[in-house]
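1. Below: sequence and its predicted model.
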Amino acid sequence: MGSGLKTRLQTITDIKHVWAPNELPDAVNEFPAALILPGETAYHETFGNQEGVNFRVIILMHKGNQPSALNRVLDYIDKSGSDSVYAAVDGDSTLGGAADWAVVDSNNGISQTQWGGQLYLSTEFAVRCSKA
């Protein structure tokens, strides 16, 4: 499901690089960038043989606390628009057939993330997926 989520995030043309959970880099050199980290997995959901997987999608910006970077992050947080993470997932909630459904549950607002020894301006989304 992580690769299907990557494909959906690649529809956001402003994001320079998207990494799936099985290909996370040691360092990030192109911005904005998206990291898809594995979250909690429920191997047996309540109804039938469903597998529930949660992902953390972190958008990294190169410029720390500059107003222009802060303003760009708002486009990713919006519920609609060409740079919206929510709209990208909602545009094909099966993630190209990789999932029965996927939803963006929440966003943590604007914060900072350390990756590869560097501190970046970031925003994080919780994405929940399920597959039989």
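-> Great, that's in hand. Computed from a predicted structure; not experimentally measured. Numbers count the residues shown, from 1 in each chain.
2. In contact with the residue positioned nearest the centre of the chain, which residues?
-> Central residue of the chain (CA atoms, centre = their mean): V57, 2.6 Å from the mean position. Neighbouring residues of V57 by CB atoms under 8 Å, 6 or more residues apart in numbering: 5, 9, 34-37, 85, 124-125, 127. C-beta: built from backbone N, CA, C; applies to glycine.
3. Which residues outside the helix of greatest length in the chain are in contact with it?
-> The residue-count maximum for a helix in the chain (DSSP state H) belongs to helix 67-77. With CB under 8 Å, 6+ apart as the contact definition, helix 67-77 has outside contacts at 12, 14, 32, 59, 61-63, 81, 83-85, 107, 109-110, 121-123.
4. rewinding a little: got a quick ChimeraX command for the buried subset of the contacts of V57?
-> Selection of the buried residues among those in ChimeraX, burial being defined by 16 or more other CB atoms under 10 Å:
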select :5,9,34,35,36,85,124,125,127
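5. Out of the contacts of V57, which is nearest to G96?
-> Of all the contacts of V57, L5 has the smallest distance to G96: 9.3 Å, by CB to CB.
6. part of a strand, is the closest one?
-> No: judged by DSSP: H, G, I helix; E, B strand; the rest coil, L5 forms no part of a strand; its state is helix.
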